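>>> please work out how this folds:
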Amino acid sequence: MFPKLSTKPAKVAGLAGLVLFFSFFTFGVSVLAAANHPPLAYSLVISPQKAYSDEEVIFTVTYTDPDGPSDILDTHLLIDPSYSDRTNSFFGYYNPILNKLFIFNDSNRKWEGGYSPGEKSPDGSDIILENPYCRLNCSRTSIKQINNGLIVNWSISFKPNFTGIKKTYIFVRDKSKADSGMLCKGEVCIFISPIPPPED
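This next block holds a predicted model:
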């Protein structure tokens, strides 16, 4: 008759496996909890670089997130002489979850809008959001999704009372509320549009 195998080693091995499993599980949860990477307001390109009042200027902003574009909660573009002020300025906001654009209105201190990029009004005309200083053309603003983020082509025009040198700031935040901080990405100089000569 064969001798019985001791169950003790098996119990020890089972206990060790259980400890290893829980250690792995706990470590795995810790890794998952720490896996979020903060987004980055990466770059800004202005076209044309010489801006005139009442003429369209495209601000192409790249917002990146190592965790992918679906992790981005909101993006902003601020054009203002001073970040500390943030009034009398262009302050735009795009929500990729809702796919909606907004502009901050100094007059009532509220975000206004809620239109999708590329959306047209029922009569086919462009949808334009504005405050006393700037306009955001929602219909001509476009979004492009890339592997690690979003490119927003903001279609903006400035009113004649918003001229001179302005600083440009970009900001992005992810779903865990990590953000890039409001980063200054250079300046734009806005000129008053030349008055066309009278027609003969």
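
>>> where does pLDDT dip in this protein?
1-34, 84-85, 195-200 (pLDDT under 70).

>>> go with 90
Low-confidence segments of the chain (pLDDT under 90): 1-38, 40-43, 48-50, 81-88, 105-109, 193-200.

>>> need the strands for it, in chain order.
Per DSSP state E, the chain carries strands over the ranges 40-47, 51-52, 57-64, 72-80, 90-95, 100-105, 110-115, 128-130, 134-137, 142-146, 149-158, 164-174, 183-191.

>>> how about TSV for the ones you listed, with distance to residue 122 added?
All C-beta spots, glycine's among them, are computed from the backbone N, C-alpha and C. As requested, the strands of the chain are exported to TSV (distance: least, C-beta to C-beta, whole Å):
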stretch	distance to residue 122
strand 40-47	30
strand 51-52	31
strand 57-64	26
strand 72-80	28
strand 90-95	23
strand 100-105	18
strand 110-115	12
strand 128-130	15
strand 134-137	17
strand 142-146	21
strand 149-158	20
strand 164-174	32
strand 183-191	32
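
>>> okay, those in JSON lines with mean neighbour count and distance to residue 121 next?
Shown next, in JSON lines, are the strands of the chain (neighbours: other C-beta atoms under 10 Å; distance: least, C-beta to C-beta, whole Å):
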{"stretch": "strand 40-47", "mean neighbour count": "17", "distance to residue 121": "25"}
{"stretch": "strand 51-52", "mean neighbour count": "20", "distance to residue 121": "25"}
{"stretch": "strand 57-64", "mean neighbour count": "21", "distance to residue 121": "21"}
{"stretch": "strand 72-80", "mean neighbour count": "21", "distance to residue 121": "23"}
{"stretch": "strand 90-95", "mean neighbour count": "22", "distance to residue 121": "19"}
{"stretch": "strand 100-105", "mean neighbour count": "21", "distance to residue 121": "14"}
{"stretch": "strand 110-115", "mean neighbour count": "16", "distance to residue 121": "9"}
{"stretch": "strand 128-130", "mean neighbour count": "18", "distance to residue 121": "9"}
{"stretch": "strand 134-137", "mean neighbour count": "22", "distance to residue 121": "12"}
{"stretch": "strand 142-146", "mean neighbour count": "14", "distance to residue 121": "17"}
{"stretch": "strand 149-158", "mean neighbour count": "22", "distance to residue 121": "15"}
{"stretch": "strand 164-174", "mean neighbour count": "19", "distance to residue 121": "28"}
{"stretch": "strand 183-191", "mean neighbour count": "15", "distance to residue 121": "27"}
